[in-house]
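>>> For reference, the sequence and a predicted model appear below.
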Amino acid sequence: MQPLKRVVVVGNGIAGLTTSDSLRAAGFDGELTIVGDENHAPYSRPALSKAALLDGGEMTSHHLPPSGHGAQEILGVSASRLDVARKAVILDDGTDVPYDAVVIATGSRARRLGNADLDGPEVEQLTLRNLEDALTLRKRLISKPSVVVLGGGALGMEIASGCLSAGCEVTLVSRDRPLVQQLGPYLSDVFVASAHRDGLKVASSRAVGLRDAGGHRQVLLADGSVIEAELVISAVGDVPNLEWLSTSGLLSNGRLEVDTRGRLRPDVVAAGDVAAFPTRHGIRRVPLWTSAIEQSKVGALALVQGDDAPELDFQPYFWTEQFGLNLKASGFLPLAGPPGFVEGNPHDGPALMRWSHEDGSGTAVAINYRIPIPKLRRLSNTAPAAAPPLTNR
Amino acid sequence: MKIVLDRPRCEGHGLCEEAAPQLMHLDDDGELVLDVEAVDNGDLEAAKAAVRVCPVAALRVA
């Protein structure tokens, strides 16, 4: 391989940051440039849904310490095009940034629900994706508005939980039982029961659009009913930021599919929410914090070491905190059937559970149960018969 | 330099332990234990890496 002199990282989230750090750790001492469209340093995205709603006075739990990678930072500017033949990133202010290798870490953005009335005024819909969103939401919750949350995934449920804690009346709109697609029926039941105890109302239907009715915000549901709310917050998934790559020739089936080392070409890697990578369950995007970190480490090494770099053997780690429940899971989700290994009972206290999958792998889940994550990981990987007894918790 | 832990903030995700196993570990109760608090130059980058992956900013180097 040609020695790398100049690496450009497009994206300044945790994937861009971790890739940059990992490049330095792997010995890359050339010129490093980071391009980011947000005008501030990277921050912890998972902390936002809690920080925005629950942090007392100051809001600091999303802060990440300053990086030490010594990159030249070009912030507040987006990349508009990637020219892989000429080896250049073209920014939307017209600047050309040449590279020997480029890292695509442009992340994803919140999906939004459309207006029901296409000619009507745009109905306000908050999301919780970036720092500005979190600050806005925090400010708006002070007056304790009635809230409708669209989407029964983990983020929607975290937002609903936070709004309830802030003293709002909250209705969650979810086509399926909340969290069933993400966690499976057993854990969905655990969370929904707790959410109901906290006073969450759930509308079991699909939101088909928003409407402005003389200053009132209305959410129209597929079953024909209408919910009014002072505040509408949507959490209906994310869309990878791929538009700037449309002429790059790198997309296949509309996706950015990388190999097991995060590569699209020897000189182009992608990491984080934007990339679809091989997992034991097919080529997938896994838009989670730990996934971005794992992918970034692999991609950085691949740029420096080529085929000598280790491949990504991704084992998901997921956590959420809502309605008084703190869940940590190691392994693939969602989970079919009841747990195969139980200590405690999640319906009335701390619990540690394990599910076995057909391919021999497993998933371990702790709810309100302190356990070191390496131990949770070992439990997920161990066949139940051979599982060592767990010591005190 | 010193590693400082904001214990109430720590949720025990253990990403820091993976980044710097020579400096810290989670005990059997899932509580983070700093095995080394005063870091010299050799460990500084590992310490910083641990600090940066924490999703709740419970660690810092001061």
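The structure has been received and is ready for your questions.
>>> contacts and neighbour counts: CA atoms only from here.
Fine.
>>> Helices along the stretch 201-350 of chain A, start to end?
In the stretch 201-350 of chain A, helices defined by DSSP state H, counting those that start in this stretch lie at A:289-305, listed in chain order.
>>> residues from it in reach of chain B?
Selection of the stretch 201-350 of chain A residues close to chain B by Cα under 8 Å from any Cα of the partner chain yields A:289, A:293.
>>> Can you name the element that comes right after the helix or strand of chain A with the lowest mean pLDDT?
Sorted by mean pLDDT, DSSP states H and E, the helices and strands of chain A end with helix A:48-54, the least confident at a mean of 72. Beyond helix A:48-54 in the direction of the C-terminus, DSSP states H and E gives the next helix or strand as strand A:72-75.
>>> That following strand pairs with which strands, parallel or anti?
According to DSSP bridges, the neighbouring strands of strand A:72-75, each with its direction, are strand A:31-36 (parallel).
>>> what's in contact with the partner strand?
For strand A:31-36, contacts defined as Cα atoms under 8 Å, 6 or more residues apart in numbering or on different chains pick out A:5-12, A:16, A:20, A:70-79.
>>> Mind doing that once more with 6 Å?
Under the contact criterion Cα atoms under 6 Å, 6 or more residues apart in numbering or on different chains, strand A:31-36 has outside partners A:6-12, A:71-75.
>>> what does stretch A:356-366 give?
Taking Cα under 6 Å, 6+ apart as the rule, stretch A:356-366 contacts A:327-331, A:351-355, A:380-381.
>>> quick one: terminal-to-terminal distance for it?
One end of stretch A:356-366 sits 15 Å from the other (Cα to Cα, to the nearest Å).
>>> List the buried residues of that stretch.
When burial is assessed from 16 or more other Cα atoms under 10 Å in any protein chain shown, stretch A:356-366 yields the following buried residues: A:356, A:361-366.
>>> what's the answer for stretch A:339-358, then?
Applying a neighbour-count criterion of 16+ other Cα under 10 Å, one finds A:339, A:342, A:346, A:350-356 buried in stretch A:339-358.
>>> how far is that stretch from where the chain is centred?
Relative to its parent chain, stretch A:339-358 has a centroid offset of 25 Å by Cα atoms, centre = their mean, to the nearest Å.
>>> go on, stretch A:204-220?
Relative to the centre of its chain, stretch A:204-220 is centred 26 Å away, using Cα atoms, centre = their mean.
>>> Now the two most distant members of the buried residues of stretch A:339-358.
When the buried residues of stretch A:339-358 are compared pair by pair using Cα to Cα, the farthest-apart members prove to be A:Pro350 and A:Ser356, with a separation of 20.5 Å.
>>> how about the strands in chain B?
Taking DSSP state E, the strands of chain B run over residues B:3-5, B:24-26, B:32-34, B:59-61.
>>> which helices and strands does the second one pack with?
Using 3 or more Cα pairs under 6 Å, 6 or more residues apart in numbering or on different chains; DSSP states H and E as the contact criterion, the neighbours of strand B:24-26 among helices and strands are strand B:32-34.
>>> Run me through the strand neighbours of the strand it packs on, direction for each.
Here the strand partners of strand B:32-34, with direction, are listed using DSSP bridges: strand B:24-26 (antiparallel).
>>> I'd like the average pLDDT over the partner strand.
For strand B:24-26, the per-residue pLDDT values average out at 93.
>>> cool, and stretch A:351-368?
93.
>>> Stretch A:238-258 too?
Taken as a whole, stretch A:238-258 carries a mean pLDDT of 97.
>>> buried set for that stretch?
Applying a neighbour-count criterion of 16+ other Cα under 10 Å, one finds A:238, A:240, A:242, A:244-245, A:250, A:255-258 buried in stretch A:238-258.
>>> Please tell me how far A:Leu288 sits from chain B.
Shown here: A:Leu288 relative to chain B, a distance of 11 Å by Cα to the nearest Cα, to the nearest Å.
>>> sorry, that was for A:Gly360
With the distance defined as Cα to the nearest Cα, A:Gly360 ends up 25 Å from chain B.
>>> in stretch B:54-62, what counts as buried?
Applying a neighbour-count criterion of 16+ other Cα under 10 Å, one finds B:54-61 buried in stretch B:54-62.
>>> ugh, wrong one, I meant stretch A:103-117
By neighbour count with 16+ other Cα under 10 Å, stretch A:103-117 contains the buried residues A:103-110, A:112-113, A:115-116.
>>> quick one: which of the residues you listed sit in strands?
Of the positions in the buried residues of stretch A:103-117, A:103-104, A:108-110 sit in strands, assigned by DSSP E.
>>> What does the pLDDT read for whichever residue of chain B sits closest to chain A?
Residue nearest to chain A within chain B (Cα to the nearest Cα): B:Gly30, separated by 4.3 Å. B:Gly30 carries a pLDDT value of 82.
>>> residues in contact with it?
B:Gly30 sits next to A:370-372, B:12 when contact means Cα under 6 Å, 6+ apart.
>>> Can stretch B:46-62 be said to contact chain A?
Yes - Stretch B:46-62 reaches chain A (Cα under 6 Å from any Cα of the partner chain) through B:52, B:55-57.
>>> how about those residues, which pair is most distant?
B:Arg52 and B:Val56 (9.6 Å).
>>> Would you quantify the distance from A:Ala336 to chain B?
With distances taken as Cα to the nearest Cα, A:Ala336 is found 25 Å from chain B.
>>> With adjacent residues omitted, what lies nearest to that residue?
A:Gly184 (5.9 Å; Cα to Cα, 6 or more residues apart in numbering or on different chains).
>>> Around the one you found, how many other residues sit close by?
The number of residues packed near A:Gly184 is 18, by other Cα atoms under 10 Å in any protein chain shown.
>>> I'd say it and A:Pro334 touch.
Yes - using Cα atoms under 6 Å, A:Gly184 makes contact with A:Pro334 at a distance of 4.6 Å.
>>> Show me the contact partners of stretch A:242-251.
Applying Cα under 6 Å, 6+ apart, the contact partners of stretch A:242-251 are A:80-83.
>>> try 10 Å
For stretch A:242-251, the external contacting residues (Cα atoms under 10 Å, 6 or more residues apart in numbering or on different chains) are A:78-85, A:89-92, A:104, A:106-108, A:254-258, A:264-265, A:268, A:274-275.
>>> wait, doesn't A:Thr127 sit right on A:Leu135?
No - with contacts defined as Cα atoms under 10 Å, A:Thr127 does not count as touching A:Leu135, sitting 11.0 Å away.
>>> between those two, who's got more neighbours?
A:Thr127 (24 against 16).
>>> What residues does the more buried one make contact with?
The contact partners of A:Thr127, by Cα under 10 Å, 6+ apart, come to A:109-112, A:133-134, A:136-137, A:149-150, A:156, A:159, A:232-236.
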